[in-house]
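Visitor: Sharing a model that was predicted from the sequence below.
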Amino acid sequence: MSQPSPTPERRPRRHGRRLRLTVAGLVLLGIAGYGAYYVVESRTQRAGCTVAADGDTMKLESQQAANASTIAAVATSRGLPERALTIALATSMQESMLRNLDHGDRDSLGLFQQRPSQGWGTPEQIMDPVHATNEFFDGLVKIEGYARLPLTVAAQEVQKSAFPQAYAKHEADATLLTSALTGRRPGALNCVLGSGETVTTGDPARVRTALAREFGPRVAPRPAEGRAGGGTARERTVQVPSGPAGGAAGDGKRRGWELAQWAVAHSADLKVEKVSFRDKQWRAADSGKGWQKSDTSAAETADGDVRITVAQ
């Protein structure tokens with residue numbers, strides 16, 4: 001007598017269990033794969049800068065941060081108010097995305113897309129961010145009451161753009177960036193190296209030259225100690241008093257943060273290894289951690305100087 005064949009109900013159940021096990025396995029593999037991806041991503045550090053204050057965040061490329069800090073330094077050298085800087089930053093964001101472009105509409109060039117044919121300077125001059133920024137401010141300060149005007153109106157009076165309302169969309173970011181670059185928001189700006197990148201040899205003389213060109217006589221580094229470009233940290237450090245010449249007694253902290261964050265913004269092009277001010281420091285090697293408690297001596301912390309150390 002032959003054995004009875006399996007009941008029709010049992011095969012679909014066995015098949016269903018296999019299907020559920022297969023799906024569960026795929027889900028577990030997916031979770032494991034995502035976990036591995038997350039670990040790799042968390043250890044991968046992308047180069048660039050961040051401005052964060054009052055719950056707002058702005059991402060910048062290293063070159064954008066450096067150019068923005070140059071614009072801010074020039075504004076400081078001229079004694080201009082924050083509103084002037086905000087107008088300039090918003091204008092450059094619209095015209096070039098804070099990049100020093102060697103091309104543009106017709107003969108437009110540089111941070112503000114200025115045209116040699118319109119009297120802004122030679123192509124070489126316009127490609128110099130300090131010259132280009134001074135040219136913009138030369139036009140801005142001629143506008144009566146510019147600080148009280150809507151940003152779009154003030155920017156348009158200088159630029160004569162075909163799209164004057166486009167400047168408005170950058171006002172919030174420009175205001176946030178202004179608060180960091182003027183030192184009003186201490187530690188708001190941080191720049192990081194990409195994974196695998198290292199800081200190559202820097203030159204303290206280049207730092208001094210950049211400070212002089214961008215900030216002018218309002219910033220005067222202390223005389224160099226030791227050999228220029230030497231091997232010790234002291235010999236590689238540019239020391240800048242935080243108090244501006246002729247400034248009010250309460251200006252020191254804000255000016256110090258302005259200088260410190262300028263140095264961090266220029267860390268990639270000036271090969272900066274460390275920046276310290278008062279009880280805080282930024283280190284290229286730990287740039288992902290942002291500003292940390294300083295490891296400098298109590299005497300160095302107390303003197304209020306900004307110290308910019310280049311890599312050896």
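Guide: Noted; the coordinates are in hand. Residues are numbered from 1 along each chain as shown.
Visitor: What ranges does the stretch 101-250 of the chain have for its helices?
Guide: In the stretch 101-250 of the chain, the helices defined using DSSP state H, counting those that start in this stretch lie at 123-126, 129-140, 151-159, 171-181, 204-215.
Visitor: Which one of these lies nearest to M58?
Guide: Proximity to M58 (Cβ to Cβ) singles out helix 171-181 among the helices of the stretch 101-250 of the chain, at 5.3 Å. Using the backbone N, CA and C atoms, a C-beta is placed for each residue, glycine as well.
Visitor: tell me the angle that closest one makes with helix 151-159.
Guide: In terms of direction (axes from the mean of the first three to the mean of the last three Cα atoms, to 10 degrees), helix 171-181 departs from helix 151-159 by 80 degrees.
Visitor: Mind splitting this protein into its structural domains?
Guide: Domain segmentation of the chain under automatic domain parsing yields 51-182, 191-310.
Visitor: possible to save these as CSV with mean neighbour count and mean pLDDT?
Guide: Below are the domains of the chain laid out as CSV (neighbours: other Cβ atoms under 10 Å; pLDDT from 0 to 100):
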stretch, mean neighbour count, mean pLDDT
domain 51-182, 19, 97
domain 191-310, 18, 86
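Visitor: about what we covered before: tell me which of the helices of the stretch 101-250 of the chain lies nearest to G187.
Guide: Of the helices of the stretch 101-250 of the chain, the one closest to G187 (Cβ to Cβ) turns out to be helix 171-181, at 8.6 Å.
Visitor: and that closest one, how far out from the chain's middle?
Guide: On the basis of Cα atoms, centre = their mean, to the nearest Å, helix 171-181 sits 11 Å off its chain's mean C-alpha point.
Visitor: again with stretch 191-206
Guide: So, by Cα atoms, centre = their mean, the centroid of stretch 191-206 is 14 Å from its chain's centroid.
Visitor: Please export the C-alpha coordinates of it as PDB.
Guide: Backbone C-alpha positions of stretch 191-206 (Å, rounded to 0.1, in the frame of the first residue of the first chain) are rendered in PDB as follows:
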ATOM      1  CA  CYS A 191      38.200  74.600   9.200                       C
ATOM      2  CA  VAL A 192      39.300  70.900   8.900                       C
ATOM      3  CA  LEU A 193      41.800  69.000   6.800                       C
ATOM      4  CA  GLY A 194      40.500  66.100   4.600                       C
ATOM      5  CA  SER A 195      41.300  62.600   5.700                       C
ATOM      6  CA  GLY A 196      44.900  61.700   4.800                       C
ATOM      7  CA  GLU A 197      45.900  65.300   4.300                       C
ATOM      8  CA  THR A 198      48.800  66.800   6.200                       C
ATOM      9  CA  VAL A 199      50.000  70.400   6.600                       C
ATOM     10  CA  THR A 200      53.300  71.000   4.700                       C
ATOM     11  CA  THR A 201      56.000  73.400   5.600                       C
ATOM     12  CA  GLY A 202      54.900  77.000   6.200                       C
ATOM     13  CA  ASP A 203      56.800  80.300   6.500                       C
ATOM     14  CA  PRO A 204      56.100  82.800   9.300                       C
ATOM     15  CA  ALA A 205      57.200  85.600   7.000                       C
ATOM     16  CA  ARG A 206      54.300  84.800   4.700                       C
END
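Visitor: circling back to that earlier point, put together a markdown table for the helices of the stretch 101-250 of the chain, with distance to A265 on each row.
Guide: Formatted as a markdown table, those follow (distance: least, Cβ to Cβ, whole Å):
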| stretch | distance to A265 |
| --- | --- |
| helix 123-126 | 22 |
| helix 129-140 | 12 |
| helix 151-159 | 22 |
| helix 171-181 | 8 |
| helix 204-215 | 11 |
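Visitor: Out of the ones you listed, which is closest to Q312?
Guide: For Q312, the closest of the helices of the stretch 101-250 of the chain is helix 204-215, at 10.5 Å, according to Cβ to Cβ.
Visitor: What is the closest one packed up against?
Guide: Judged by 3 or more Cβ pairs under 8 Å, 6 or more residues apart in numbering; DSSP states H and E, helix 204-215 is in contact with helix 62-77, strand 237-240, helix 251-265, helix 267-270, strand 306-310.
Visitor: Adding distance to R278, write the ones you listed out as TSV.
Guide: TSV is the format used below for the helices and strands packed on helix 204-215 (distance: least, Cβ to Cβ, whole Å):
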stretch	distance to R278
helix 62-77	19
strand 237-240	13
helix 251-265	7
helix 267-270	19
strand 306-310	9
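Visitor: wait, which of these is closest to A162?
Guide: Closest to A162 of these is helix 62-77 (Cβ to Cβ; 22.8 Å).
Visitor: Need the residues that contact the closest one.
Guide: Helix 62-77 is contacted by residues 47-49, 60, 84-85, 88-89, 92, 97-100, 111, 129-130, 133-134, 137, 177-178, 181-182, 189, 191, 214-218, 258, 261-262, 265-269 when judged by Cβ atoms under 8 Å, 6 or more residues apart in numbering.
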